[in-house]
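Peer 1: I would like to see how this sequence folds:
(chains A and B)
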Number of protein chains: 2
Amino acid sequence: MATVDYPDPVRRLIAQLKQLPGIGPKSAERIAVWLIQSGAETSIAFSDILAAAAREVTECRTCGFFATEELGCAICDGQHREAHLLCIVEQPTDILPLERSGAFRGHYHSLRGRISPLDNVGPEDLRIGELVKRVESGEFLEIILALSSDVEGEATCHYLAELLGGFEGVRISRLAQGLPAGGGLNSADELTLLRALQGRVGV
Amino acid sequence: MATVDYPDPVRRLIAQLKQLPGIGPKSAERIAVWLIQSGAETSIAFSDILAAAAREVTECRTCGFFATEELGCAICDGQHREAHLLCIVEQPTDILPLERSGAFRGHYHSLRGRISPLDNVGPEDLRIGELVKRVESGEFLEIILALSSDVEGEATCHYLAELLGGFEGVRISRLAQGLPAGGGLNSADELTLLRALQGRVGV
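Peer 2: Here you go, the predicted structure:
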């Protein structure tokens, strides 16, 4: 005799939940049961909100951040932004941490990835054509490369520095590397210490 | 100037995801972004499966396990079950681990909770009336109390043992308490050891 399992709609929900990032089989089961036990209203509300997000949220054609047809892009359409500053990030999700730091109020450009030969991602797979067009328009005086400090991030940084170095009157900079805030010397790895030493600044 | 945040539909989705058990703000954000970046098809499929589960899954009126209108309850309608055995559990989710153990093939009755005066849960809040009716029908010869081994579980056990003790010809038993499988003596707490000693069996 087959072991009793959840009814099909529950098993389908568990299977779907397991695909979410960071959700394992146990969590998926717990969430599915919670949703079903919360009653149909909660699940239907959830389902509606999810469908609305899928329907309404688009990618801004200019910067690559999340936008809606109705309201446009909060960054590109935003008032009081420093019009001459452009910050290049890998993912649209990298924009919010920079915004929350309060240190930057210019414009952004999300590449939707970084150059990674091992994953078959080359410059043509990224939003680099769109980037060149924006820079060609001549509106930016400084471009900040805010990419990861790992191998692929460094490679993308070098590629972009070379590509954009030809535009006259445009300064290109990149994020500083060094000790993270609140981090002691003993918790920093050797490469971080090397970078912190190389990038030392006068006091 | 206000800091830029995700568009409203994304924020609503994050807020909804944060309500799920075990999902914190960071996970909710990661999942929401993943869903949106997977494209509308994935999210709509997800939304449909969730709505279907909410619509189709009901509680079996007899045992309290998950059921569907169309297919009924896999346990109560199941073939080849030992008809005279009833296992009482706290939650419908407790049924599957017991099934998976392979040690029991009788019927179940989920109480939907346990007696807990601190949480204002008394016997009248549980599916005890339904339980008494099932036992009164005379179909069960043994009732196994498979409740938690904590204070509320013990209290519920005592209450049910007294309540069901009046039925003639019905044997009432409860799960053994002792060392968990694979557990050494040094990792067991004192109460577990006490119970294991009290419940020692001849070899």
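
Peer 1: which helices and strands does the strand or helix carrying A:Leu96 pack with?
Peer 2: Using DSSP states H and E, A:Leu96 sits within helix A:95-101. Taking 3 or more C-beta pairs under 8 Å, 6 or more residues apart in numbering or on different chains; DSSP states H and E as contact, the helices and strands that helix A:95-101 lies on are strand A:85-89, strand A:107-110. C-betas here are computed from N, CA, C, even on glycine.

Peer 1: That one: which residues count as buried?
Peer 2: A:95-96, A:98-99 (16 or more other C-beta atoms under 10 Å in any protein chain shown).

Peer 1: Strands along chain A, start to end?
Peer 2: A:57-59, A:66-68, A:85-89, A:107-110, A:142-145, A:171-174 (DSSP state E).

Peer 1: could you dump those to TSV with distance to A:Gly39 and mean pLDDT?
Peer 2: Formatted as TSV, these follow (distance: least, C-beta to C-beta, whole Å; pLDDT from 0 to 100):
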stretch	distance to A:Gly39	mean pLDDT
strand A:57-59	27	89
strand A:66-68	30	90
strand A:85-89	41	93
strand A:107-110	39	94
strand A:142-145	49	92
strand A:171-174	52	90
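
Peer 1: shaky segments in chain A?
Peer 2: A:1-2 (pLDDT under 70).

Peer 1: Could you list the domains of it?
Peer 2: According to automatic domain parsing, chain A comprises the domains A:8-57, A:80-202.

Peer 1: and the longest one, how far apart are its ends?
Peer 2: Spelled out, that is domain A:80-202. Using C-alpha to C-alpha, to the nearest Å, the end-to-end distance of domain A:80-202 comes out at 33 Å.

Peer 1: try the first one
Peer 2: For domain A:8-57, the first and last residues are 31 Å from each other (C-alpha to C-alpha).

Peer 1: Out of the helices and strands packed on helix A:95-101, which is closest to A:Thr62?
Peer 2: strand A:107-110 (8.1 Å; C-beta to C-beta).

Peer 1: Partner strands of that closest one, with direction?
Peer 2: Applying DSSP bridges, strand A:107-110 is found paired with strand A:85-89 (parallel).

Peer 1: List the buried residues in the partner strand.
Peer 2: Quick answer for strand A:85-89 (16+ other C-beta under 10 Å): A:85-89.

Peer 1: ditto for stretch A:107-114
Peer 2: Buried residues in stretch A:107-114 (16+ other C-beta under 10 Å): A:107-112, A:114.

Peer 1: Tell me which residues are up against that stretch.
Peer 2: A:63-65, A:75-76, A:81-83, A:85-92, A:94-95, A:98, A:121, A:125-128, A:130-131, A:134, A:140, A:147-148, A:152-153, A:155-156 (C-beta atoms under 8 Å, 6 or more residues apart in numbering or on different chains).

Peer 1: Quick one: neighbours of A:Arg30, just the number.
Peer 2: A total of 18 residues lie near A:Arg30 under the criterion other C-beta atoms under 10 Å in any protein chain shown.

Peer 1: so what's it up against?
Peer 2: Contacts of A:Arg30 by C-beta under 8 Å, 6+ apart are B:21-22.

Peer 1: And it, how far from B:Arg61?
Peer 2: Shown here: A:Arg30 relative to B:Arg61, a distance of 25 Å by C-beta to C-beta, to the nearest Å.

Peer 1: do A:Ala52 as well
Peer 2: Taking C-beta to C-beta, one finds A:Ala52 at 35 Å from B:Arg61.

Peer 1: Kindly report the same for A:Gly122.
Peer 2: Remark: distance between A:Gly122 and B:Arg61 (C-beta to C-beta) = 61 Å.

Peer 1: same deal with A:Ile49?
Peer 2: For A:Ile49 relative to B:Arg61 (C-beta to C-beta), the value is 31 Å.

Peer 1: more neighbours, the two?
Peer 2: Neighbour totals were compared for A:Ile49 and B:Arg61, and A:Ile49 leads with 19 against 11 (other C-beta under 10 Å).

Peer 1: right, and that one touches B:Arg12 too?
Peer 2: Yes. A:Ile49 is within contact range of B:Arg12, at 5.1 Å (criterion: C-beta atoms under 8 Å).

Peer 1: For A:Ser190, the count of nearby residues, please.
Peer 2: Small correction: residue A:190 is Glu, not Ser. 7.

Peer 1: Tell me which stretches of chain A form helices.
Peer 2: Counting by DSSP state H, chain A has helices at residues A:8-18, A:25-37, A:40-56, A:95-101, A:128-136, A:151-164, A:190-198.

Peer 1: Show residues contacting the fourth one.
Peer 2: The contact list for helix A:95-101 (C-beta under 8 Å, 6+ apart) reads A:63, A:65, A:75, A:87, A:89, A:104, A:108, A:110, A:146, B:3-6.

Peer 1: returning to that earlier point: so how far is the helix holding A:Leu96 from its chain's centroid?
Peer 2: Going by C-alpha atoms, centre = their mean, to the nearest Å, the spacing between the C-alpha centre of helix A:95-101 and its chain's C-alpha centre is 10 Å.
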